[in-house]
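*Asks:* have a look; sequence and predicted model below, questions after that.
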Amino acid sequence: MTRPHLALLRGINVGGNNPVPMAELRDAFGDMGFTDVATYIQSGNVLFRGARVDENAIQARLSEQFSYHGRVVVLSGAAYRKNLAAAPPAWGHDDTRKHNALFTLAGMKPKEVLSRLPPLSEFEEVATGPGVIFWSAPKDKYTKTMFARKLVGHPMYKELTIRNQNTTFKLAKLLDEM
């Protein structure tokens, strides 16, 4: 029996780097034997069905086909929902704050990533789920946060793939509809 899965690709179609056409990405997943393949927006969200999913094989295939170092985290629909269930109740539901979900790659644990990051500012809040860090900060102070000022240049940034609250919730809805 095939189950719904979500692949979150890191670093494609961002700032003109690692351009990957969505039609070709869907075809690549289909060629790997997955079914009901769909993408959501251009930032590397692939929904699909499959009985056996090998994250390393997916990364290797994407790296070869699209000529970039493909990094991906693959979650079953159930694992994605388990991650979202760990979010604080207000995460993503307070319009005065920016909210992002930072999914960890390559077996990195959220608490390990947090321990290696620069200190958070006093108004940033984080919580963790099994494979995700839920981050939020007031919109009017966003430019003063560690997230905005230091994360992109930090080595741990390469161990994360980030989705905003809208994308995070939309992906959950799309998985539920599969």
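*Replies:* The structure has been received and is ready for your questions.
*Asks:* so where do the helices sit in the chain?
*Replies:* Shown for the chain, the helices assigned by DSSP state H span residues 22-31, 55-66, 77-85, 110-116, 146-149, 165-177.
*Asks:* dump those helices to CSV, plus mean neighbour count and distance to residue 6.
*Replies:* Using the backbone N, CA and C atoms, a C-beta is placed for each residue, glycine as well. Putting these into CSV (neighbours: other CB atoms under 10 Å; distance: least, CB to CB, whole Å) gives the following:
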stretch, mean neighbour count, distance to residue 6
helix 22-31, 16, 11
helix 55-66, 16, 12
helix 77-85, 17, 5
helix 110-116, 14, 17
helix 146-149, 17, 23
helix 165-177, 16, 6
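*Asks:* can you tell me which of the ones you listed the model trusts least?
*Replies:* For the helices of the chain, mean pLDDT drops lowest on helix 146-149, to a mean of 88.
*Asks:* contacts for that helix?
*Replies:* By CB atoms under 8 Å, 6 or more residues apart in numbering, the surrounding residues in contact with helix 146-149 are 100, 117-121, 124, 135, 137, 142-143.
*Asks:* likewise stretch 116-127?
*Replies:* 86-88, 91, 114, 133-138, 141, 144-147, 150-151, 154-156.
*Asks:* what distance separates the start and the end of that stretch?
*Replies:* One end of stretch 116-127 to the other measures 15 Å (CA to CA, to the nearest Å).
*Asks:* now swap in stretch 143-160 and tell me
*Replies:* For stretch 143-160, the separation between the terminal residues is 20 Å (CA to CA).
*Asks:* tell me how far that stretch is from the chain's mean position?
*Replies:* The gap between the average C-alpha position of stretch 143-160 and the chain average comes to 15 Å, counting by CA atoms, centre = their mean, to the nearest Å.
*Asks:* what residues of it count as buried?
*Replies:* For stretch 143-160, burial by neighbour count (16 or more other CB atoms under 10 Å) applies to 145-147, 151, 156-157, 159-160.
*Asks:* picking up where we left off before, so of the contacts of stretch 116-127, which ones are in strands?
*Replies:* Restricting those to those inside strands, with DSSP state E as the criterion, leaves 133-138.
*Asks:* neighbour count, distance to residue 73 and pLDDT for the residues you listed - can I get that in JSON lines?
*Replies:* Supplementary listing: the ones in strands among the contacts of stretch 116-127 in JSON lines, determined by neighbours: other CB atoms under 10 Å; distance: CB to CB, whole Å; pLDDT from 0 to 100:
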{"residue": "133", "neighbour count": "20", "distance to residue 73": "13", "pLDDT": "97"}
{"residue": "134", "neighbour count": "23", "distance to residue 73": "15", "pLDDT": "97"}
{"residue": "135", "neighbour count": "23", "distance to residue 73": "16", "pLDDT": "96"}
{"residue": "136", "neighbour count": "25", "distance to residue 73": "21", "pLDDT": "96"}
{"residue": "137", "neighbour count": "24", "distance to residue 73": "23", "pLDDT": "96"}
{"residue": "138", "neighbour count": "15", "distance to residue 73": "28", "pLDDT": "96"}
